[in-house]
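Trainee: Sequence below, structure please.
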Amino acid sequence: MTNKIRFAKPEDISSIMQLIHELADFENEPEAVDIDEDYLLKFGFGEYKAFECLVAESENNEILGMALFYNRFSTWKGLSIHLEDLIVKQKHRKKGIGKALFEALIKHAKSENINRLEWVVLDWNTDAIEFYKSYGATIFQEWRTVQMDKETIQKF
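Mentor: Model (predicted):
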């Protein structure tokens, strides 16, 4: 099976949404997804483009995986990219698709003169941890992800 890595198009939204739900299931958070296809369209392809997405497409045009990311700015390092999610459909894992997506993202970062590529990984996802380590990524133990949800934000 030949796979092509390309930037997502609006007509890919349904497949991207399916991958997001598959990731939520994988991470044991099936009820955590609050967005829908219209939201993705608005913020991925609308006037304010909040994210970009690379997709892996099979020779018969099936979307097999994605790498969803966005630009950031580090006060220490400057231009950065945050990889929000890298997901490959379960039935297509271990075929090099995740590797191809990740390497395409690295190539994109290099072409855009990005100074840092970063992401988070769950501590129990040892396959992903080993995959990222194989690329020379540093996995920090002392940093903690901190978030405020919409409900908490609305309190202020």
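
Trainee: those helices in the protein, which residues are they?
Mentor: Using DSSP state H, the helices of the chain run over residues 13-26, 37-45, 97-111, 126-133, 150-154.

Trainee: so what's the residue sitting nearest the centre point of the chain scoring on pLDDT?
Mentor: Residue closest to the mean C-alpha point of the chain, counted by CA atoms, centre = their mean, is residue 85 at 2.3 Å. Looking at residue 85, its pLDDT is 97.

Trainee: Tell me the bridge partners for it.
Mentor: Beta-bridge partners for residue 85, by DSSP bridges, are residue 68.

Trainee: Any idea how many residues pack against residue 128?
Mentor: Residues near residue 128, counting by other CB atoms under 10 Å, number 15. Quick note: C-beta positions are derived from backbone N, CA and C, even for glycine.

Trainee: you'd agree it is up against residue 120?
Mentor: No. Here residue 128 lies out of contact with residue 120, judged by CB atoms under 8 Å, at a distance of 10.3 Å.
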